[in-house]
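Q: Model the structure of this input:
(one chain, ligands or ions: 4)
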Amino acid sequence: MKIIKSKYRFLILIFLLGFIYASFLEGQAVPGKDENIPFLVTFGKSGKTSWGDNDFYQIFFFSVLKDYTKPFYIRVFDPDCGGENDEIQGDFNSKFSFSVYGGKGVDPDKNEDSKGLDKGVNYRTGNLLSSKVFGSEARYDNKYYTFGPFNPSEGDFNERWNSYIFKIVCEGVSGDDGNLYRFFLSRDGNNNLPIEGANAFTYAYTFRMWNDFKSVAHIYPFVDTGVVFIKQSNFDWDNDGKILVVSRYKQGIEVPISNENVWESSNIPIEPAEVNSSLDFQFHKRQGELVKNNNVVVTLKNQRGDALKFYSSPIGGVPVYIPKTNITKIAPKK
Ligand SMILES: [Ca+2]
Ligand SMILES: [Ca+2]
Ligand SMILES: [Ca+2]
Ligand SMILES: [Ca+2]
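A: Ligands and ions are numbered 1, 2, ... in the order given. Reported below is the predicted structural model:
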């Protein structure tokens, strides 16, 4: 009897996993399906940066291809800060605003301030389309809240990507607790239905690692034309294992890692073969004693100081290292 039950459960699990996989295919799940990141995280502004969020806000951009003309929705999973998923400090007493922007001023390719990277600049650029404040609220706990519908033409048009750009800002308005959440860009208000050709990106990625030794998280920056080297910066990694950079040219370069409440930076050379493709930043957890509930921030800049975009669905796909077999021939012994 027990065996039948567990077989049944296994089949349901397979079905559900297949369903989840299918619904994440298009890359409008944030974090994306290849990233293996459970949640984004933002702390209330009275939080401590040593908990893993350096600035108490997070900005994500969504791009919707011009060809898509129907309404769409931005769905937030677990927007509240309480109950399931969230990081309590004392008791849950924090408030978070989620705000969606469209129109001129949103596109970060045209407006540097919109990226939200520099302290003191107003990153709330564009037209406010919708906004809501969440506290500890059972009705939104472990559930979706849906913003929209929005019309694609309400976005800020980007000629290069032939897409309308939208922005969502999550800000820790008050309190000290950590809000964990995810986004989904959907063509349906009640279900996660991806939009073909859409994507999401950010310039400062604040996320939570799984509490699992074997779990490897990935983020995928896009290397644009003209990039010669990049400066990586990671914050509050808590000495939690290794951060490796993999590309079609790099088998896995280890970069300096940060400890508690500090930034660690280094320069990484970029080869011509890596231009116009994505890099794979891999986050491998330390073995032995588990670093629990690790939140981390990552930013990248090129040699000119321009920030790189991290795409939820990597541009050109997940990069795979191509061994240089001709170069690695073993030299004969003298
Ligand atoms: Ca608290
Ligand atoms: Ca919750
Ligand atoms: Ca939450
Ligand atoms: Ca941390």
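
Q: from here on, contacts and neighbour counts on C-alpha atoms
A: Noted.

Q: Spit out the contact partners of Pro108.
A: Residues in contact with Pro108 (CA atoms under 8 Å, 6 or more residues apart in numbering) are Ser114, Lys115.

Q: Could you do the one 3 residues further on as well?
A: Asn111 makes contact with Gly105, according to CA under 8 Å, 6+ apart.

Q: Relative to Leu129, how far out is it?
A: Noted for Asn111: a distance of 18 Å to Leu129, by CA to CA, to the nearest Å.

Q: ditto for Val106
A: Separation of Val106 from Leu129 (CA to CA) stands at 12 Å.

Q: and those two? which has more neighbours close in?
A: Neighbour count, other CA atoms under 10 Å: between Val106 and Leu129, Val106 has more, with 28 against 18.

Q: Next up, identify which helix or strand that one is on.
A: Using DSSP states H and E, Val106 is not contained in any helix or strand.

Q: And for the closest residue in space to it that isn't next to it in sequence, the neighbour number?
A: Leaving aside its sequence neighbours, Val106 sits nearest to Gly126 (CA to CA, 6 or more residues apart in numbering; 5.0 Å). Neighbour count for Gly126, taken as other CA under 10 Å: 20.

Q: what's the spacing between the nearest residue in space to Asn190 that is not next to it in sequence and ligand 1?
A: Leaving aside its chain neighbours, Asn190 sits nearest to Thr146 (7.7 Å; criterion: CA to CA, 6+ apart). Distance, Thr146 to ligand 1, by CA to the ion, to the nearest Å: 26 Å.

Q: which parts of this protein sit against ligand 3?
A: Residues of the chain lying close to ligand 3 by CA under 5 Å from the ion are Asp78, Pro79, Asp80, Cys81, Asn179, Leu180, Tyr181.

Q: now those residues as a markdown table including pLDDT, neighbour count and distance to ligand 2?
A: Conversion of the residues of the chain next to ligand 3 to a markdown table gives the following (pLDDT from 0 to 100; neighbours: other CA atoms under 10 Å; distance: CA to the ion, whole Å):
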| residue | pLDDT | neighbour count | distance to ligand 2 |
| --- | --- | --- | --- |
| Asp78 | 98 | 27 | 5 |
| Pro79 | 98 | 30 | 7 |
| Asp80 | 98 | 30 | 5 |
| Cys81 | 98 | 31 | 5 |
| Asn179 | 98 | 31 | 7 |
| Leu180 | 98 | 23 | 7 |
| Tyr181 | 98 | 26 | 8 |
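
Q: How is the chain partitioned into domains?
A: The chain is divided into the following domains under automatic domain parsing: 29-203, 209-323.

Q: Just say which of those is most tucked in.
A: Mean neighbour count, computed with mean count of other CA atoms under 10 Å, is highest for domain 29-203 among these, reaching a mean of 20.

Q: Tell me which residues touch Val216, please.
A: Val216 sits next to Asn36, Gln282, Phe283, His284, Lys285 when contact means CA under 8 Å, 6+ apart.

Q: make it 10 Å
A: Going by CA atoms under 10 Å, 6 or more residues apart in numbering, Val216 touches Glu35, Asn36, Ile37, Met209, Trp210, Lys242, Ile243, Phe281, Gln282, Phe283, His284, Lys285.

Q: residue contacts, the nearest residue to the fifth one once chain neighbours are set aside?
A: This points to Trp210. Nearest non-adjacent residue to Trp210, counting by CA to CA, 6+ apart: Pro38, 6.2 Å away. By CA under 10 Å, 6+ apart, the residues touching Pro38 are 30-32, 85, 180-182, 207-211, 217.

Q: got the phi/psi numbers for Pro38?
A: In terms of degrees, to the nearest 10, the main-chain angles of Pro38 are phi -70, psi -40.
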